[in-house]
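Student: predicted model follows, preceded by the sequence.
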Amino acid sequence: MSSVSDLVYPLSLMRMARKLPRLNFTQIETIDIPEPYLGLLVHEGDMTSRLEGYHKKSIRVRCLRSSNDGKSYFREVILETEQEARPAEYGAIEIQLNSLPEEVRKLVVEARQPLGGILNDSRIPYSSSPKAFLSIIPDGPIIEAFGTVEADILYGRSNEISGLNGDCIARIVEILPVLEE
């Protein structure tokens, strides 16, 4: 379970399980986020739609690691463009499987499509609530996930997706690669 002060949960849990150092990040205000990151991070919608709009391509999941205890499903992923496999986001997510219908759980665990796309396609109502915006110093695991990072700072957010009843569906850390304006 995450603590209120752990802004990068579930990524922090996944890094700890792999015996990696803590993520080097700073919580920042929206005024400190340059474009195009501002438009991609500061909203209450799903990232899948935003990334597809920015890249003008469909987005798919490349699952790096996952675990499933039947209640919570964790995965560390690269979201990438479907045609070129160009990284669009690195992220970690904890999904509360019991908050989803059985047929949707199966799609989630297949790890082919981003959660936002699954929820939208399944017409499951939800709300997205960013908890913090982040300035991240890329380290070895992030560079390895993206393939390369030619920047001293990356931008991301900590987000929570809730159902209409207010129950948490997912906690997510979303980190964007270097992007052009």
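Tutor: Alright, I've got the coordinates.

Student: where does the prediction get shaky in this structure?
Tutor: Along the chain, segments meeting pLDDT under 70 span 1-5, 181.

Student: how far off centre is stretch 72-83?
Tutor: Taking the mean C-alpha point of stretch 72-83 and that of its whole chain, the gap between them comes to 8 Å (C-alpha atoms, centre = their mean, to the nearest Å).

Student: buried ones in that stretch?
Tutor: Judged by neighbour count (16 or more other C-beta atoms under 10 Å), stretch 72-83 contains these buried residues: 72-81. For every residue, glycine as well, the C-beta is placed using N, CA and C.

Student: list of residues touching it?
Tutor: Contacts made with stretch 72-83 from outside it, assessed by C-beta atoms under 8 Å, 6 or more residues apart in numbering, are listed as 10-11, 13-14, 47-48, 51, 55, 57-68, 86-97, 105, 108-109, 111, 114, 145-146.

Student: hey, C-alpha coordinates of that stretch in CSV?
Tutor: The C-alpha coordinates for stretch 72-83 follow below in CSV (Å, rounded to 0.1, in the frame of the first residue of the first chain):
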residue,chain,number,x,y,z
SER,A,72,-3.8,-5.9,-7.4
TYR,A,73,-2.1,-6.1,-10.8
PHE,A,74,1.2,-4.3,-11.1
ARG,A,75,3.0,-3.5,-14.3
GLU,A,76,6.0,-1.5,-15.5
VAL,A,77,5.6,-0.5,-19.1
ILE,A,78,6.6,1.5,-22.1
LEU,A,79,3.7,2.9,-24.0
GLU,A,80,4.8,3.1,-27.6
THR,A,81,3.4,4.1,-31.0
GLU,A,82,2.0,1.0,-32.7
GLN,A,83,3.7,1.4,-36.1
